[in-house]
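**Q** Build me a model from this:
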Amino acid sequence: MATKIDASMSHDMVAELVIDEVEPASIVDFAPDLAPDIGVRLKLIRERNGLSQRELAKRAGITNSNISMIEQGLVSPSVNSLAKVLSGIPMTLAQFFACDQVDVGQVVYPAATLEADQVQLPNGVVIQYLATEKTQRKISMRRHLYAAGADTGSEPLRHKAEASGWVVSGQIELTAGMQVHELQEGDAFYLAAHQPYRIRNRKETAAVIVLSVLQH
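**A** Here you go, the predicted model:
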């Protein structure tokens, strides 16, 4: 007789039944009343991993509509079908039910979303934001692309809190206070709160830095 997993069971009990796939899928099934919880949990985990419904479906070898219906709680997937969906993350059934549902916000930011959220400045600098400006997170991370001859300007920049940067590629000139530094690929720098600075690319090739700033 099949064992029904329903909403009255704790997540620990569910995880115990499916952990390491010890129980054959043929004797474990999900009750319909668990469908909404599975759907909410799947959507949260998918988004935490930066996956669209289309990408997860492609990885798992199923259709987008299947993912959509599960997330909306319209269908209660079998253990086998849920395991197949989770293989696209990848994640085991035990990990799925043991996962904390507290919404910590977006975790992964695909390159395409950063490109869509970028700002082109008139001084030859392109900034890609990690969307932290719109949240309550304590760290703002940005990718700066300095074209040949790019300059942040004669008016020094300042941040209300500490900041650090890393030269991913190319070379830059960093003026921090009265000191001028030549940085090349692999070099890093630290700026104290309110410290004035200026960045220039005096070379003929582009330079890229990643800047991390504490939110005040």
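**Q** Can you pull up the most central residue in this protein?
**A** Among the residues of the chain, the one closest to the centroid is Val108, at 1.2 Å (Cα atoms, centre = their mean).
**Q** Assess the claim that that residue and Asn49 are in contact.
**A** Yes: assessed by Cβ atoms under 8 Å, Val108 is found in contact with Asn49 at 5.7 Å. All C-beta spots, glycine's among them, are computed from the backbone N, C-alpha and C.
**Q** what residues does stretch 174-188 touch?
**A** Residues outside stretch 174-188 that contact it (Cβ atoms under 8 Å, 6 or more residues apart in numbering): 156, 164-173, 189, 191, 195-200.
**Q** Next, report how far it is displaced from the centre of its chain.
**A** Distance of stretch 174-188 from the chain centroid (Cα atoms, centre = their mean, to the nearest Å) equals 30 Å.
**Q** Tell me the buried residues in it?
**A** Of the residues in stretch 174-188, 174, 176, 183 count as buried by neighbour count, 16 or more other Cβ atoms under 10 Å.
**Q** and that stretch, how far apart are its ends?
**A** One end of stretch 174-188 sits 11 Å from the other (Cα to Cα, to the nearest Å).
**Q** now do stretch 190-206
**A** With Cα to Cα as the measure, stretch 190-206 spans 22 Å from end to end.
**Q** tell me how far it is from the chain's mean position?
**A** On Cα atoms, centre = their mean, the centre of stretch 190-206 falls 27 Å from that of its chain.
**Q** ok, which stretches of this protein are strands?
**A** Counting by DSSP state E, the chain has strands at residues 3-5, 28-30, 118-120, 125-129, 139-146, 163-169, 171-176, 179-184, 188-191, 197-200, 207-214.
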